[in-house]
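> Model the following, please.
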Amino acid sequence: MKKGMAIVLCLLLFSACRPGTLSHRGQKADVSEILSDSAHVTLRYAKNFTVRYLSDGTRLVDISVAGHKSRSTYRLALIPRGVNASGIPKEYNHRVEVPVEHCIPMGTEQLAAFIQLHALDQVSAITSVRHLQDKDVRHRIAEGKIAKIGYEGNFDTETVMALQPDAILVSPFKKANLNYSY
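Residues are numbered from 1 along each chain as shown. Sure, this is the predicted structure:
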């Protein structure tokens, strides 16, 4: 389940990004093409998941997870926002509109990715700010653009529900006392 969840989180994160430029070691890279709705993922090293594409831009993601005694497959449909996706097979009952507009990264790993991608407009809330150094994030918290919901494993569920996030990103490697319903 850990590998599968990490893959889903990466897919959601990159689907959440808006086209633009990314800065890496002083160089700017144009990421608009790889983040576009028509971009296809070419798997080279990744294992245990597949991505299929429908003509309307919907991505069907199958994540194969080896469990304690069995193997499970989780099916996720990433649907372009505004598309009436009627051709999705019924086994893809986990559906996420992309790009994600309102997200809650539950860990600093996910928040760091939003910072690097200049995608803080999609962050609705964060957990603990105890070690937070980013001035832009602190400014957004002070302005009320980003809510504080507690800390990992112990957060205000009612606040999370009131924010109505499109996605909540969690680390598959930490105990966060979250119940996953797949």
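> Which residues are in contact with the residue lying closest to Leu54 once chain neighbours are set aside?
Nearest residue to Leu54 in three dimensions, chain neighbours excluded: Gly87, at 6.0 Å (CB to CB, 6 or more residues apart in numbering). Yep, even glycine has a C-beta here, placed from its N, CA and C like the rest. If you count contacts by CB atoms under 8 Å, 6 or more residues apart in numbering, Gly87 has them with 54, 56, 58.
> Ok, Ile168 next?
For Ile168, the contacting residues are 103-104, 106, 160, by CB under 8 Å, 6+ apart.
> host element of it?
In this structure, Ile168 sits in strand 167-169 according to DSSP states H and E.
> Run me through the strand neighbours of that strand, direction for each.
When sheet partners are counted by DSSP bridges, strand 167-169 sits next to strand 103-105 (parallel).
> List the contacts of stretch 126-135.
Residues outside stretch 126-135 that contact it (CB under 8 Å, 6+ apart): 104-108, 111, 115, 137-138, 141, 146-152, 155.
> Tell me where the chain is predicted with low confidence.
Applying pLDDT under 70 to the chain picks out residues 1-39, 67-68, 152-153, 171-182.
> any chance you could map the strands in it?
Remark: strands of the chain, listed N- to C-terminal, are 21-24, 27-30, 49-53, 59-66, 71-80, 94-98, 103-105, 125-126, 147-148, 150-151, 154-155, 167-169; assignment by DSSP state E.
> Could you measure from Val96 over to Pro80?
11 Å (CB to CB, to the nearest Å).
> And these two? Which one has more around it.
With other CB atoms under 10 Å as the criterion, Val96 and Pro80 differ in neighbour count, and Val96 comes out ahead with 20 against 17.
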